[in-house]
Each structure stands twice: as structure tokens, then as C-alpha cells.
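1. Model the structure of this input:
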Amino acid sequence: MNFFQAIAQALTPQGILWTLVIILLATFMHELAHFWAARLQGVPVNSFSVGMGPIFWRRRWRGTEWRLSALPIGGYVEIDGMAPDVGTDGVADAPKHGYALLPAWGKIAILLAGPIMNLLLAFLLLGGNFAANGVPDVQTNRAVINRVVPASRAEQLGFHSGDTVTAIDGQPLPVQERVNGEDVGGWTRVQRALSVQGPHSFTFERGNKTQTITFDWTPTVGESGPFWASNTEPPAACATSDWAERLPRRVTPSSMPCRRS
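-> Coordinates of the predicted model:
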């Protein structure tokens, strides 16, 4: 899936709604940080708006006019003394109150408060997401050998724990592909390849080197489905536990030398 496909997939009513919610939340927290940095230094804040453009709701509270504006694409705070004063003659003059009277460090604190709040908000949101759902693995669905059973065919062929299969029979192994209308991990190609009798070649990465092992394979088909020839294990069986459970009893999950990573 490329960038534009990912964007198109996200353009659902629910996706658009969550995008607007996140924008409004980030805007509110950003402007709130500017607001508090000013108020803590005694600088009045004339208005606080979430959204831009026409104002459809406003309320004055504690010296500030709180606003909701029509366009949910940003927001603003009007801090006293930041904008030039305009006289009755229409001439703009440098302000001599509020923000303008602060020392340099005070002005910098107000200006940096918003970006710092964005960083903190991103950290909290990502941290909460990772705590709830786990940290994503950028190599999900790649075929990585977890363990090679001693005296197995895999060991005889020269496979090692930690090898990452990158191609089967000369065809690159994708991280993900579409099979029969469903997105499946590329590791499932190992299962399909080893269900076919004949010569096979597995290309894999070991450290910074790429190697290829060629071998002849003979699967046996029984009543309960395909299984590997007696006293052998798949030379690089990259399976999740649910696939291992579907194998006949002659090949147990503990004998599987690979895993999905």
C-alpha cells in the first residue's frame, strides 16, 4: 500500500471525524499553553478561539472572550500587547502594555509554550496508544527463523536461528500481499511453497549477508491435510501458532523452526 492508497483508505466518515477531533484537540491544547504562559505572567488574553473564520459561539469569562469558529482548521489567542495599537487616525503604533512590557525570556516562554505542548501531547497520545495496543513491529509478517530443531532437515541444510527469508524460488518475499481477495502476510508463501513437491530455493539474510539454499522437498498428504515427510521438519517453516496447530500431529508446534515476526 502506497502513501496515496493509505490516504484514500483513511477518507471514510469515521476517519474524517477522528481527524477533525485530533486537529481540534491539538489546536485547543496548543492555544491553551500560550494562554496560560501569558496569564501566569499577568498578561491579559483578550480572546481565545478554537477554529478560524466566522464566530458562531462566544462567551466572556474571566476577562477573556471564548469563541468557537466555523472552520476547524486551527485557532488563535489574542494576547494583549502583541499586535500594534491602531489610533483613531488609523496609524499603527508599537504597543506599550501587556506582552510588550515583558522581558525577553517572558516573551520567549509565551511563544514556545504552544510547540512544547504539541510535543507533550504527541508523547502522551503515542504512549497511551502503545500502552494499550503494544509497540508495532516494522517487520511484522516477515519470515524470520526463530529456532532450528537439532538434527532436523533445516539444520542439515544450514539454516540458523535469526535468518530472515527474503525470497522463495527466486521470487521476492513481500511483507504483505493479497491472496484470494484477502491481505495476508508474506510469510504464508513459505507454507504454500512447502506444500509443493520438488526443488526449492530459499534466499535469506543473515547479519549483513544474503545467502541462498537450494534443496529438494517431498511433502506427504494425509487424511487431515498436508504434512511434511516422516522424521523431517520444514527447512524454514515460518508459521504462526494457529497454523502450527492446524498441522497433523506428526509435526508438532514445538518442532517448527520458524516464526512470524
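
2. State the distance from the closest residue to residue 174 other than its chain neighbours to residue 215.
-> Closest residue to residue 174 apart from its sequence neighbours, by CB to CB, 6 or more residues apart in numbering: residue 186 at 4.2 Å. To be clear about C-beta, it is placed using only N, CA and C from the backbone, and glycine gets the same treatment. In this view, residue 186 and residue 215 are 20 Å apart by CB to CB, to the nearest Å.

3. again with residue 17
-> Remark: distance between residue 17 and residue 215 (CB to CB) = 53 Å.

4. hmm, back to that, for residue 186 and residue 215, indicate the residue with more neighbours.
-> Counted by other CB atoms under 10 Å, residue 186 and residue 215 do not tie: residue 186 has more neighbours, with 20 against 15.

5. ok, that one to residue 212 distance?
-> Using CB to CB, residue 186 is found at 17 Å from residue 212.

6. show me where this structure has strands.
-> Secondary structure of the chain (DSSP state E): strands at 45-61, 64-79, 85-86, 92-93, 143-144, 164-168, 171-172, 176-179, 182-185, 198-206, 209-217, 219-222, 225-228, 259-260.

7. For the ones you listed, please prepare JSON lines with the additional fields mean pLDDT and distance to residue 39.
-> Shown next, in JSON lines, are the strands of the chain (pLDDT from 0 to 100; distance: least, CB to CB, whole Å):
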{"stretch": "strand 45-61", "mean pLDDT": "93", "distance to residue 39": "6"}
{"stretch": "strand 64-79", "mean pLDDT": "91", "distance to residue 39": "9"}
{"stretch": "strand 85-86", "mean pLDDT": "81", "distance to residue 39": "21"}
{"stretch": "strand 92-93", "mean pLDDT": "80", "distance to residue 39": "25"}
{"stretch": "strand 143-144", "mean pLDDT": "78", "distance to residue 39": "54"}
{"stretch": "strand 164-168", "mean pLDDT": "87", "distance to residue 39": "55"}
{"stretch": "strand 171-172", "mean pLDDT": "87", "distance to residue 39": "59"}
{"stretch": "strand 176-179", "mean pLDDT": "78", "distance to residue 39": "50"}
{"stretch": "strand 182-185", "mean pLDDT": "76", "distance to residue 39": "51"}
{"stretch": "strand 198-206", "mean pLDDT": "89", "distance to residue 39": "57"}
{"stretch": "strand 209-217", "mean pLDDT": "88", "distance to residue 39": "61"}
{"stretch": "strand 219-222", "mean pLDDT": "50", "distance to residue 39": "73"}
{"stretch": "strand 225-228", "mean pLDDT": "32", "distance to residue 39": "70"}
{"stretch": "strand 259-260", "mean pLDDT": "40", "distance to residue 39": "53"}
